[in-house]
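Asks: show me how the following folds:
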Amino acid sequence: MPISSAGSAIATPVESSKSAIAWGPIFGGAVAATGISLILILFGSGLGLTMISPWSGESSSAATVGISAAIWLVVVQWLSAALGGYLTGRLRTKWAAAHTDEVFFRDTAHGFVSWAVATVFVAGFLASSLGSLASTGAQAVGSAAATAGVAGTAAVASSSDSGSGGTDMATSYFTDALLRPQQAQARAQNDDGAATAEVSRILLNGAVQGGVPEDDKAYLATIVAARAGLSPQDARARVDAVLKRIDDAKVAAQKAADEARKAAATTALLGSLSLLVGAFISSAAAALGGRQRDEEEDLLVATRY
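Replies: So this is what the prediction gives:
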């Protein structure tokens, strides 16, 4: 509404009919930032600076992402944000009748929006790689579980063949313990399928409980001696060696899972900090580009007579 001053002068607010946001420069800067990001990521992959690839199935595990990879991803984010923000500021048209502070705010806002759009684009390209990176810890845990239950599948299969596929594994183990014959060697030689299934259930129970009891070790040594034709001492040594290999595999898998979890957490933390700094760089670069664009136009106007 017009405002009267001293009853004679009328001041009318000046309002532009155009929107304060220019989507053309924003999308132009975002596309440029996305392109330079992918180029630098591939360049870093070629140099071995990062193991993350924008193509599905080409990434290494999270445990292989080291300090150099994290630093390179930060550099990629900052360089692409600076380029995208600067282009956004330089490509926009001059806002007429706008205060200098308002122009500065609009330029920084345009740089921020351009950075956000570019981030969404890059996240879409890298969705498969980042998904595999985040799921590496779960895969390692699954590997540990598979190693711990290496005998479980065989036990289930053998039990299914003998008509007891629905029997609970823990119950089957204690049932075996109750029905163990005194002459275990004779039974192991006469019934290969039953002996194999029982050994599998013993190993599975040991994996679940965290260790194989001493009486189970002695029983396993008896079966091994009967099946492999070894002396009791050699059979017990083989049992101990195999159980140690199983424990070592479990420890290695758990260590890999822990390293993958720590690497994923570190990468996520560095990524979030890098994104925040990238947003600031893009906003500042857009303000710089917009100021240079306006200064160039002022120089051109000043030379016309």
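
Asks: where along the stretch 201-305 of the chain do the helices fall?
Replies: Assigned by DSSP state H, counting those that start in this stretch, the helices in the stretch 201-305 of the chain fall at 214-228, 232-302.

Asks: quick check: buried residues in the first one?
Replies: Neighbour counts over helix 214-228 (16 or more other CB atoms under 10 Å) mark 216-217, 219-227 as buried. To be clear about C-beta, it is placed using only N, CA and C from the backbone, and glycine gets the same treatment.

Asks: what would the residues you listed look like in CSV with distance to Arg236?
Replies: CSV is the format used below for the buried residues of helix 214-228 (distance: CB to CB, whole Å):
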residue, distance to Arg236
Asp216, 12
Lys217, 7
Tyr219, 11
Leu220, 8
Ala221, 4
Thr222, 9
Ile223, 11
Val224, 8
Ala225, 8
Ala226, 13
Arg227, 14
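
Asks: now these in CSV, with pLDDT and distance to Ala253?
Replies: What follows is those, written out as CSV (pLDDT from 0 to 100; distance: CB to CB, whole Å):
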residue, pLDDT, distance to Ala253
Asp216, 80, 23
Lys217, 82, 23
Tyr219, 79, 27
Leu220, 82, 23
Ala221, 83, 26
Thr222, 80, 30
Ile223, 78, 27
Val224, 80, 25
Ala225, 80, 30
Ala226, 75, 32
Arg227, 75, 28
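
Asks: coming back round to it: of the helices of the stretch 201-305 of the chain, which approaches Gly28 most closely?
Replies: Nearest of those to Gly28, taken as CB to CB: helix 232-302 at 11.6 Å.

Asks: now do that closest one, average pLDDT.
Replies: Across helix 232-302, pLDDT averages out at 83.

Asks: tell me what angle that helix forms with helix 214-228.
Replies: Orientation check (axes from the mean of the first three to the mean of the last three CA atoms, to 10 degrees): helix 232-302 against helix 214-228 gives 100 degrees.

Asks: for helix 232-302, enumerate the helices and strands it packs against.
Replies: On a contact count with 3 or more CB pairs under 8 Å, 6 or more residues apart in numbering; DSSP states H and E, helix 232-302 meets helix 23-47, helix 67-91, helix 100-125, helix 127-134, helix 136-148, helix 192-209, helix 214-228.

Asks: could you tell me the least trusted of those helices?
Replies: Sorting the helices and strands packed on helix 232-302 by mean pLDDT places helix 136-148 lowest, at a mean of 50.

Asks: okay, now the domains of the protein?
Replies: Here the domain assignment for the chain is 23-134+282-303, 166-254, based on the TED database.
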